[in-house]
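K.L.:
sequence and computational prediction follow.
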Amino acid sequence: MTRGLRTAVKARHLSLVTCHIIAVLLAWPALACAADPGPAPPPVPEEEQRSRPAWVDRLGLGGFIRADYYSASKQLDSQRSLPGLTIQPKALPKFGTWGDGKVEVRITDQNLRDPNEFRARLLEGYGNVYFGNVDVRVGKQNIVWGRADALNPTDVLTPKDFTLLSAKDEEERRIGTTALKANYYRGNYTLSTIWLPIFNPTTLPLSGAPGIQLTQNKRSDGDWTHQGFAAKLDQTGGEVDWSLSYYYGLDLFPVGIPISPTQVVLEHNRIQMFGADFARNFGRFGVRGEAAYVHTQDPDGNDPFLKNPYVYYVLGVDHDVTEDLNVNLQAYQRLIVNYQDPFQFQDPVTRNVAVLNTIFNQQMDRVQEGFSGRIKATAWNKTLEAELLGVFEVNRASYFLRPSVAYAFTDTWKGFTGVDIFGGHLKESIYGFLEQNTAFFAELRATF
Amino acid sequence: MRSTSKPIFVAIMLIGAAIMVAPASADEPSARDIIEKNFYVTKIKHMLNDSTMTLTNDKGQQRVRKTRSVNLLQPNGIDGKIMIRFLQPGDVEGTGYLQVQHYDGEDDMWIYLPALKKVRRLVANNKRDSFVGSDISYGDILQPVVDTYKHTIVKSEALDGEDCWVIESVPASEQIKKDYGYGKKTAWIRKSNFMEKKVDYMDTAGRPLKTMVVPEIVEVDAATHKWWALKREVKNHQTGHSTLLIFENLDTKKPVGEDFFSTRYLEREK
C-alpha cells in the first residue's frame, strides 16, 4: 500500500468513525426512548429534565452537532451534493474570581463522500486572568473589530475560513489567531493592546487555473518580521459608542506572485491599518459607521503583486419596522490610492495574476461602491426566522444573496435551509468570480 | 334672611356632593397613591438573582430560558440598570444583555453575542414588543411611571384570601395606548404590601389580551418594605401562549458596583 493510499484510508477511517459517533449522538433521543421496556417512570417535571449535571456547568461544557447538505462546495471546485457532519464541543472552565478559560474545537467532514474533507481544528484555546482594572487573555482567540454589520473595514486581526459550509457561517467562519491581549478599563473606556506573535492567514476559495500550481507562504513561523501589534481605544456607553484602532502586521488576505509561468506563490504582506467606528441611536433608528485607511508596501501602486493603499468605509442604519421585522441597510465605498488597471499588463501571466489579486482584494476599480442589506422576520414567539441577506457591488453589478429560513423545533433542535447565490455580469468581480459556489443548503443542528 | 340662607344651602349641598364622590373612608388612599406605592415597592437598590422563564405554546411545547441578572437602581429612584446573562438553552448560552433605563426617553441597550464576539448597541424597542419571545413586554419589565395611565378604584375584594384593591388604568393618551399596546389594565393590588396579585390586560381594540398572576412574593428588604415577585404567570388569551417566570437566589446584600454594567462584564461568557 502506498503512503498516499494509506493516508487516504486512515483519513477515511477517521471520517467514518466520526460519522458513526455523530450519527449515534444524533439518534440518541430516539434510541433512549426505544430501549425502555419497563413501566413508564413517573413524569419528571420539565425543569428537572432540562437541568444539566453540576460538573457540566462547572466546566462550562457545551457545543453542538450538525448534519448538513450543500449542493456545492465553497472551494471553487467541481464538488457537488455534499452531505456533511460537524461536532463542535467547547469548555469554559472558571478558576474563581481571578480567571477563566475557553477551549473550542471543530471536527468536521464537509463531504462524507470525500475522505480528504475531514478536518479537526482548534478554534479557540485561551486563558483569562483578571487583575484590578486589567484583563489579560493569552492563547488562540478571536479578536473582532468593527461596529458595522458583516462589512468591517477595521476587522483585520482574526482570520476566517471562507470555504466553511455552515448556515451560520458569518458567526462560525472565524478560525482564531494566537495573541496576547491586555485590556485596561476605566469607566466607559477600554484600551486594548495586542501582540500577535504567530500569523494565521484567512482561508480563501482559491484553486489554480488548469496548469497553474498555487502554493501559499503562510508565514506562521513566528519570525519577528511576521508578528503583529495592535491597539484600540473604545468607548461604550452614553449616547454614542466609538473606537479608534491601529494595526501593524501582515495582511490576512494574500496576493499572488508568479514565480514561473506555471507557479504562483501566495504571499502575505505587511500593512498598517488606521480605523475608527461609531454607533448611535436616533429615536428608533440605529446608525453605525466604520472606516479604515490601510497603508500597504506599495504606496505608489506600481507593483501588480502588492496591494495598493486604500480607504474603505461603511455607513448603515437598522430599524425595527415592527416587533417581528428588522431591516438593516448599509452603503460602502472603497477608494484605491494610485490605482493601476490590472488589464494593462501585456504579459498574460502577469495580467492574469494581477487580475486575480485585484478581484480577491477588491481593488478592481479606482472607486468601488455597493450596498448590503438584511431583512429579518420572526414569528411564533421567535421560533421561526426568515432572513434575506444581500450584498450588491455597483461597479460590476455583482451580488451575493442569501434567502434562508430557520426553525427551532425545541430548545435543542434547530433546522435551517436556504440558498447562497453568487452572481454578476462580469467574471472580473468578487461575486461573479464566486458564481460556482452558488448552493442550496439544509442543516439540522442539536445544541448541547 | 332669604339672601343669606341660599348661599349656606348651596355650600351644604356642595360639601354633601364632595362627601359623595370622596373615597369611602378617609384612610383609603386614592387610586393614584396605590399605583405610586405599587411602582416604588419593587424599586430595590440593588439585587442579584437567577431566573427561569418557561414558554409554553398552545400545543403544550415548552422552551426554557435560564438567566442570571444584576440590577442597580439609578440615583433618580426610578430607572434601573440591568445586566442579564443567558445560561440556557445552549444556543444562547453566554449571551449578555445590558439595559440602561430612561423613564422619559428611549432606553440604551447592548447585547453581546458570543458567536460574533461583539458588543452591539441595539435599537430601542417598542414598549409593546415581546421580551425574548415571551408574553411579557418590554413595557411590563420597566413599569411605566404613575401618570402614564389614569387610574380608578373599581372596588375592593378578596382574591385567594388576600384583600385587594381592584384598579382600572387607562392610557393617558392615544400615543401611550399605541406605544404600550394596552387599551385598559385591571389590577388587583394587595392591600397588605401594594404588590399586584393579578392584572388583566385588554388590547387597544378592547379585547381580552392577557392575564398575569403573581402568586408568590417575598419581602427582600424589611427595613424599606421592598418586595419582589418570586413567580409570575402570564397567559395570552389570543394566542394560547403562556410564560412562567420564576426567580431564585435573590441577593440584595451583596454590593453591586457600576462596573458590572460595562462591556467588561458583558463580554464575559460565564
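P.N.:
Thanks, I have the structure now. Computed from a predicted model, the values in this text were never measured in an experiment. Numbers count the residues shown, from 1 in each chain, chains lettered A, B, ... in the order given.
K.L.:
show me what contacts the nearest residue to A:Phe305 once chain neighbours are set aside?
P.N.:
Excluding its sequence neighbours, the residue lying closest to A:Phe305 (C-beta to C-beta, 6 or more residues apart in numbering or on different chains) is A:Ile257, at 4.5 Å. C-beta: built from backbone N, CA, C; applies to glycine. By C-beta atoms under 8 Å, 6 or more residues apart in numbering or on different chains, A:Ile257 lies in contact with A:264-267, A:305, A:353.
K.L.:
closest to A:Ser71 among the residues you listed?
P.N.:
Minimum separation from A:Ser71 among the contacts of A:Ile257 (C-beta to C-beta) is found for A:Leu266, which lies at 28.1 Å.
K.L.:
need the contact list for the closest one.
P.N.:
Listed by C-beta under 8 Å, 6+ apart, the contact set of A:Leu266 reads A:206, A:214-217, A:254-257.
K.L.:
got any ranges where chain B has weak pLDDT?
P.N.:
Regions of chain B meeting the criterion pLDDT under 70 cover residues B:1-26.
K.L.:
equivalent analysis for the stretch 301-448 of chain A, please.
P.N.:
Applying pLDDT under 70 to the predicted model, the residue ranges of the stretch 301-448 of chain A that meet it are A:426.
K.L.:
again, only this time at 80
P.N.:
Applying pLDDT under 80 to the stretch 301-448 of chain A flags the ranges A:425-427.
K.L.:
likewise for the stretch 151-300 of chain A?
P.N.:
Within the stretch 151-300 of chain A, the segments meeting pLDDT under 80 span A:206-212, A:220-222.
K.L.:
which positions in it make contact with chain B?
P.N.:
Proximity of the stretch 151-300 of chain A to chain B is confined to A:168, A:170-172, A:174, A:183, A:185, A:188, A:190, A:234, A:236-239, A:241, A:279-281, A:283-286 under the rule C-beta under 8 Å from any C-beta of the partner chain.
K.L.:
farthest pair within the contacts of A:Ile257?
P.N.:
The two members of these with the most space between them (C-beta to C-beta) are A:Glu267 and A:Val353, at 11.5 Å.
K.L.:
please enumerate the shared neighbours of those two.
P.N.:
Jointly contacting A:Glu267 and A:Val353 under the rule C-beta under 8 Å, 6+ apart are A:256-257, A:305.
K.L.:
spatially central residue in chain A, please.
P.N.:
Of all residues in chain A, the one closest to the mean position by C-alpha atoms, centre = their mean is A:Arg173, 2.8 Å from it.
K.L.:
any idea how far that residue lies from chain B?
P.N.:
Shown here: A:Arg173 relative to chain B, a distance of 11 Å by C-beta to the nearest C-beta, to the nearest Å.
K.L.:
touching, that residue and A:Pro159? I think so.
P.N.:
No: with contacts counted by C-beta atoms under 8 Å, A:Arg173 stays clear of A:Pro159, the gap being 9.1 Å.
K.L.:
who wins on neighbours among the contacts of A:Ile257?
P.N.:
The most crowded member of these is A:Val264, carrying 26 neighbours; neighbours defined as other C-beta atoms under 10 Å in any protein chain shown.
K.L.:
re the thing from before, who's in contact with the residue nearest to the centre of chain A?
P.N.:
Shown in contact with A:Arg173 (C-beta under 8 Å, 6+ apart): A:160-162, A:164, A:166.
K.L.:
quick one on the thing from earlier: give me the element the residue nearest to A:Phe305 is part of.
P.N.:
strand A:255-260 (DSSP states H and E).
K.L.:
now do the buried residues in that strand.
P.N.:
Buried residues in strand A:255-260, counted by 16 or more other C-beta atoms under 10 Å in any protein chain shown: A:255-258.
K.L.:
for chain B, state which of these is nearest.
P.N.:
A:Val255 (27.4 Å; C-beta to the nearest C-beta).
K.L.:
what about the nearest residue to that closest one once chain neighbours are set aside, which SS state?
P.N.:
The shortest distance from A:Val255 to any non-neighbouring residue, by C-beta to C-beta, 6+ apart, is to A:Asn357 (4.7 Å). Here A:Asn357 takes the helix state, with states given by DSSP: H, G, I helix; E, B strand; the rest coil.
K.L.:
contact partners for residue 103?
P.N.:
Since you didn't name a chain, this refers to chain A. With C-beta under 8 Å, 6+ apart as the criterion, the residues that contact A:Val103 are A:90-91, A:122, A:124-125.
K.L.:
actually, chain B is the one I wanted.
P.N.:
By C-beta under 8 Å, 6+ apart, the residues touching B:Tyr103 are B:76, B:78-79, B:142, B:144-145.
K.L.:
rewinding a little: what pairs with the strand holding A:Ile257, parallel or antiparallel?
P.N.:
Strand A:255-260 has these partner strands in its sheet, going by DSSP bridges: strand A:263-267 (antiparallel).
K.L.:
what's the first helix or strand after the strand it pairs with?
P.N.:
Tracing the chain C-terminally past strand A:263-267 and defining elements by DSSP H and E, one meets strand A:270-282 next.
K.L.:
contact partners of that next one?
P.N.:
For strand A:270-282, contacts defined as C-beta under 8 Å, 6+ apart pick out A:145-148, A:153-154, A:156, A:239-251, A:286-297, A:307, B:106, B:108, B:120-121, B:123-124.
K.L.:
report the buried members of those.
P.N.:
In the contacts of strand A:270-282, burial by neighbour count holds for A:145-148, A:153-154, A:156, A:241, A:243, A:245, A:247, A:249-251, A:286-296, A:307, B:108, B:120-121, B:123-124, counting by 16+ other C-beta under 10 Å.
K.L.:
out of those residues, list just those in strands.
P.N.:
A:241, A:243, A:245, A:247, A:249-250, A:286-295, B:108, B:120-121 (DSSP state E).
K.L.:
one step back: closest one to chain B out of the contacts of A:Ile257, please.
P.N.:
Closest approach between those and chain B, by C-beta to the nearest C-beta: A:Leu266, at 26.7 Å.
K.L.:
what pairs with that closest one across the strands?
P.N.:
Beta-bridge partners of A:Leu266, counted by DSSP bridges, are A:Gln216, A:Gly256.
K.L.:
if anything else comes up later, I'll come back, but that's it for now.
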